[in-house]
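>>> can you look at this prediction? I've put the sequence above it.
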Amino acid sequence: MNDSLSNLSGNSTCEEGTTNDFKRIMYPVTYIIIFVLGSAGHSLSICIFYSQWRKQKSFTPVNLLMVNLLLSDLMMVCSLPLRISFYLLDNWPFGDIACRLIFYVFYLNIYSSMYFLVALNILRYLALVWPYLYLRIQTTCVAAILCTVIWVMMALACSPLLFSKKGKQKGSPRCLDLSTDNVDKLLYINNVSLLMGFVVPLVVVIFCSIFVVKSLLTPSPALGRTRPCRKKACALVIISLVIFLVCFLPYHVVRTVFLTAEKQLKMNGNKDSCNYIWIVRKVAVITHCLCTTNSCLDPLLFFFVGENFRSFSDKFLGRRKTINDRTLRQEELQVLQK
């Protein structure tokens, strides 16, 4: 899993061959790009969130979820320099504890990000379809409890990966490689995480997106004044689906195919064509890179969801914004309905 999808080491009859050269180019280049874009996007996001907190001394429930999504992304972005070093040096000089933490952070980022996106989509669905229910449940306390539950659940679910056996090359451990002895265990973990970590969140996001779009396309006198801004809400729906369908879907499909192929290779040797194994390994590298890009796409969501982001841009551009006596809940509800 992770980089190790294409890095399984051990008693394999189909040697890595050109796959090693491919990943040693693909991973560092991709990680550097993601690190630069992610650092820039999240640095701006931190400034905006901090500006809001300094003025209001609190976060709205939606912004609290986005702050936690930001923290999840920052863990991934901050881990990328170590991954880049591993592939450039072809060695892991940072020790076993750092190795296991870096390995763990990748999966914690993936699945916590998906569930924070699910929570944001559910809130948007409730704001449009059940606005009075939304106003009753959208409190900072509820949002804080929800964030805590997500972190605890994802941290526990990913914890077995802290104890995964690492691969070796010429007697020395390689951090992001896994031993082929772990394939059966990894395939079981993959099947569980595929269902609960990806399929369930994807179904919920699609369900919410369909009803949000339907609500936006349905004429409503109550929303007449916000009609010019509805394109932004549609863009937000599109971004959420893009992150799931482009970043997460290919990775989970290929991960399943890859682990199944490696299990067959372990059991039957190279009875099947090694060309197929090599192709799957290279595709696994590509889909892993796509999955990692989720950590630099989330700032787009912050911009379209957060009222404070638009306020910050107005201030940056020198435009003054009039403030009426709406409560924070009403402001957030209107934003989510746009």
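Perfect, I can see it now. Numbers count the residues shown, from 1 in each chain.

>>> show me which positions of the longest helix that the chain contains end up buried.
Across the chain, the longest stretch assigned as helix under DSSP state H is helix 18-56. By 16 or more other Cβ atoms under 10 Å, the buried positions in helix 18-56 come out as 19, 22-23, 26-28, 30-31, 34-35, 37-38, 41-42, 45, 48-49, 52. C-beta here means a position set from N, CA and C on the backbone, and glycine is covered the same way.

>>> could you point out which element follows that helix?
Counting by DSSP states H and E, the next helix or strand C-terminal to helix 18-56 is helix 61-89.

>>> helices or strands up against that next one?
When contacts are defined as 3 or more Cβ pairs under 8 Å, 6 or more residues apart in numbering; DSSP states H and E, helix 61-89 sits against helix 18-56, helix 96-129, helix 140-158, strand 172-178, helix 294-305, helix 328-337.

>>> in it, what's buried?
The neighbour-count check on helix 61-89 (16+ other Cβ under 10 Å) flags 61-80, 82-84, 86-87 as buried.

>>> if you average pLDDT over that helix, what comes out?
What helix 61-89 shows for mean pLDDT is 91.

>>> how much does that helix deviate in direction from helix 18-56?
Angle, helix 61-89 to helix 18-56, by axes from the mean of the first three to the mean of the last three Cα atoms, to 10 degrees: 150 degrees.

>>> on that earlier part again, show me how far the longest helix of the chain is from its chain's centre.
Distance of helix 18-56 from its chain centroid, counting by Cα atoms, centre = their mean, to the nearest Å, is 12 Å.

>>> repeat for stretch 91-111
In this view, stretch 91-111 has its centroid 16 Å away from the chain centroid, taken as Cα atoms, centre = their mean.

>>> list the buried residues of it.
Applying a neighbour-count criterion of 16+ other Cβ under 10 Å, one finds 92, 99-111 buried in stretch 91-111.

>>> which elements pack onto the longest helix of the chain?
With contacts taken as 3+ Cβ pairs under 8 Å, 6+ apart, helix 18-56 sits against helix 61-89, helix 274-292, helix 294-305, helix 307-316.

>>> residue 147: which of these is closest?
With Cβ to Cβ as the measure, helix 61-89 is the member of those nearest residue 147 (4.6 Å).

>>> relative to helix 140-158, how tilted is the closest one?
30 degrees.

>>> contacts only, for residue 196.
Contacts for residue 196 (Cβ atoms under 8 Å, 6 or more residues apart in numbering) come out as residue 157.

>>> relative to residue 43, how far out is it?
Using Cβ to Cβ, to the nearest Å, one gets 33 Å for the distance from residue 196 to residue 43.

>>> circling back: mind checking the helices and strands packed on helix 61-89 for the one nearest to residue 240?
Of all the helices and strands packed on helix 61-89, helix 96-129 comes closest under Cβ to Cβ, at 5.8 Å.

>>> elements contacting the helix or strand following that closest one?
Next helix or strand after helix 96-129 toward the C-terminus (DSSP H and E): helix 131-137. On a contact count with 3+ Cβ pairs under 8 Å, 6+ apart, helix 131-137 meets helix 96-129, helix 328-337.
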